[in-house]
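Colleague: give me the fold of what follows.
(2 chains)
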Amino acid sequence: MSISSVAGNIRKGVFGLTNVTNSIGIFAVAVMVLVTVLDVIGRRIFGSPLLGTLEIVRFMMAMAVFLTISHAAVHDHHVTCDVLLVLFPNKLKIITEKVTSLLSLGLWIMLSYQLTRQALGLWRAGESSMLLRIPVYPFSFIAAFGSALLACVILIQFVSSISFPIIEKKAES
Amino acid sequence: MSPLLIGIIGICVFLVLLFLKMPIGFAMALTGFTGFWAIRGLTPALSVAGLVAYSEGTKYMLSAVPIFVFMGHLATQSELTKSAFTVANKWIGRLRGGLAMSSVVGAAAFGAVCGDHIATAATMVPVSLPELRRHKYADHLSLGSIAAGGNLGFMIPPSIGFIIYGLLAEESIGALFMAGILPGILLTFMFCVTVYILCRMYPNLGPSGPKTTWGEKLGALRDVWGIIVLFVLVMGGIYTGFFTATEAASVGAFGAFVLGLINRKLTWPRLLSSLHHTGSTTAMLFVLIIGAFIFSAFMTISGVPIALANFISGLQLNSYIIIALILLFFIFTGLFMDIIAIMMITVPIFAPVVHGLGFDLVWFGVLIMVTMLVGSITPPVGILVFTVGGMVRDVPMYLIFRGVIPFIIAMIVFLILLVAFPNISLFLPDIVLPYR
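Modeller: As a prediction, this is how the structure comes out:
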């Protein structure tokens, strides 16, 4: 098996994983809607709010945000501004893109490292939510995992753009 | 090196990264983290970055952002907004330029259930353009009115922009929603007047449509009952205090879902499509939000906002001149950058300054929204013009930019009115939330 096919398979696997995490993230949005509506109906009509709505919504937010960010990166959905870059000659433009890509990679490695440390801290402390007593650490781990997956996507995009331009072209087409 | 100097260097580095096409949220987070590290050391910087990322990504108040986005997609997929243009046409189509006005009013109605300006413009193109062309409207007027009308999606509540501004400026989202209603209606009216004046001056631009009876007019309202129900449900709920603005998002999304089932348009694939679009927008917005709050933490410890506030108050200028300068700054940045991104970067810096001058931050929120919306139809990054132009390949971009010029003038006049008469924005919030 050649290096390029291994790289292609890794790319396929990671990008496939972002599809799965994205589906879980958007499912969390639907759960947030349902829980809040049940709470409003319960509180206003039956005089009995749904216990721990705020906690559930916050946990679902962690999933909706951190499990969708890598999928958005795969599809280039993050907001950019290229007013200066368009003026650059092609070669300089490519170098600049690589540099910003490396900086982004550094950022998300740092964030996933720190979020993992936080999650481990919460796990050891056994911290849980006030009303429903749901452990907080799994959602903190989800945030760390989502950030790490985004770092993987940036790394793959970076590596394939410098080493395997053919794979990138194929994927784009 | 003093924290203030590090702060100023940080802003410069951020701007360089931004213009080099690094995703804006990433650039803010990276500069914020590095700046914090330079001032306080690595361990506090790591802690702040991690804590801010998790706490902002799970903030309850921010749950309204993805859910209002979801509500807009559900309303579109359920075809609740499709008839808005046809209904508006029945009411005002017989006026000169009436069809172009109908596309503006249709966009306003769409804006009442969708908080995004790009989605509003993109929805109005296939709905209104074929009719406008069939009635021989000039392309630049048609597309100019559709692109400008897209702005109403952001102005008329529920608006994603107001939610994010509310969070950054620590103002009530409910008050901001209320503050957007009258200006939204006024801007719709001013866009219609613009079309009317243009068509009076140049009759070839847009002829009048056929006359309709009162029976037809009233009968047509049946087709927009979904929008009316949804708007009344969301805004009525906030107005009466039945639920909070954050809860209103979920109630509205659930309402759009039920209405979609009732009119049998919301199929399983359409529901999934709504969710997928919501996922992309959520990710995009929250990366900006997380980045902005890490950057904001750095700005706070650097002392830049306080130094800026002291500098501005030391200028001894009339406070309205300062407001005018700030608004000009927002118009300028709006020419190059995305609205949400501008707010993320600038509101934490300017809000304390404006508050210190004694102005109402709800009023200021409406003003900066208008200034940034001007940028969304102005070159070089007129996102609404690009959206419309991208969907209509047979019309050159410059022609659409030409078409929006009268609407930009209308928006500038509108902005002056809002500054001169703050009650246009503050009348409703003062009634609903007098002790805000």
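Colleague: helix or strand with the lowest mean pLDDT in chain A?
Modeller: Within chain A, no helix or strand scores below helix A:165-172, which has a mean of 50 by mean pLDDT, DSSP states H and E.
Colleague: please apply the same query to chain B.
Modeller: helix B:304-314 (a mean of 78).
Colleague: give me the buried positions along that one.
Modeller: By neighbour count on 16 or more other CB atoms under 10 Å in any protein chain shown, the buried set for helix B:304-314 is B:304-305, B:308-309, B:312. Where C-beta positions appear, they are placed from N, C-alpha and C, glycine not excepted.
Colleague: and the angle from the longest helix along chain B to helix B:304-314?
Modeller: For chain B, the helix reaching the highest residue count under DSSP state H is reported as helix B:268-302. Angle between the axes of helix B:268-302 and helix B:304-314 is 70 degrees (criterion: axes from the mean of the first three to the mean of the last three CA atoms, to 10 degrees).
Colleague: which other helices and strands does whichever helix or strand residue A:146 is part of contact?
Modeller: Residue A:146 belongs to helix A:137-163 when assigned by DSSP states H and E. Contact here means 3 or more CB pairs under 8 Å, 6 or more residues apart in numbering or on different chains; DSSP states H and E; on that basis helix A:137-163 packs against helix A:3-44, helix A:53-66, helix A:69-74, helix A:90-125, helix A:165-172, helix B:42-57.
Colleague: where does pLDDT dip in chain B?
Modeller: By pLDDT under 70, the weakly predicted segments of chain B are B:380-381, B:436.
Colleague: show the pLDDT at the closest residue to residue A:128 other than its chain neighbours.
Modeller: Of all residues not flanking residue A:128 in the chain, residue A:135 sits nearest, at 4.9 Å (CB to CB, 6 or more residues apart in numbering or on different chains). Residue-level confidence at residue A:135 comes out at 94, pLDDT.
Colleague: so what's the residue count around residue A:135?
Modeller: Neighbour count of residue A:135, defined by other CB atoms under 10 Å in any protein chain shown: 13.
Colleague: please tell me how far it sits from residue B:100.
Modeller: 57 Å (CB to CB, to the nearest Å).
Colleague: before we move on, what about residue B:325?
Modeller: Taking CB to CB, one finds residue B:325 at 35 Å from residue B:100.
Colleague: also residue B:29?
Modeller: In terms of CB to CB, residue B:29 sits 43 Å off from residue B:100.
Colleague: show me which of the two is the more surrounded one.
Modeller: Higher neighbour count among residue B:29 and residue B:100: residue B:100, with 33 against 28, using other CB under 10 Å.
Colleague: the more buried one: what secondary structure?
Modeller: helix (DSSP: H, G, I helix; E, B strand; the rest coil).
Colleague: shouldn't it be in contact with residue B:139?
Modeller: No. Residue B:100 is beyond contact range of residue B:139, at 11.0 Å (criterion: CB atoms under 8 Å).
Colleague: picking up where we left off before, what's near enough to touch the residue nearest to residue A:128?
Modeller: Counting by CB atoms under 8 Å, 6 or more residues apart in numbering or on different chains, residue A:135 touches A:122-123, A:126-128.
Colleague: of those, which is the most crowded?
Modeller: Neighbour-wise, those (other CB under 10 Å) top out at residue A:122, 19 neighbours.
Colleague: ok, that residue to residue B:285 distance?
Modeller: Distance of residue A:122 to residue B:285, computed by CB to CB: 26 Å.
Colleague: give the burial count for residue B:339, as a bare number.
Modeller: 26.
Colleague: what about the closest residue to it other than its chain neighbours, distance to residue B:384?
Modeller: Nearest residue to residue B:339, sequence neighbours excluded (CB to CB, 6+ apart): residue B:372, at 4.5 Å. Remark: distance between residue B:372 and residue B:384 (CB to CB) = 12 Å.
Colleague: just residue B:154 next, same as before
Modeller: 10 Å.
Colleague: tell me, what's touching those two both at once?
Modeller: With CB under 8 Å, 6+ apart as the test, residue B:154 and residue B:384 both reach residue B:117.
Colleague: let me see the contact set for the spatially closest residue to residue B:406 that is not a sequence neighbour.
Modeller: Once flanking residues are discounted, residue B:406 sits nearest to residue B:194: 5.0 Å by CB to CB, 6+ apart. Residue B:194 sits next to B:406-407, B:409-410 when contact means CB under 8 Å, 6+ apart.
Colleague: turn these into JSON lines, including neighbour count.
Modeller: Formatted as JSON lines, the contacts of residue B:194 follow (neighbours: other CB atoms under 10 Å in any protein chain shown):
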{"residue": "B:406", "neighbour count": "20"}
{"residue": "B:407", "neighbour count": "25"}
{"residue": "B:409", "neighbour count": "12"}
{"residue": "B:410", "neighbour count": "21"}
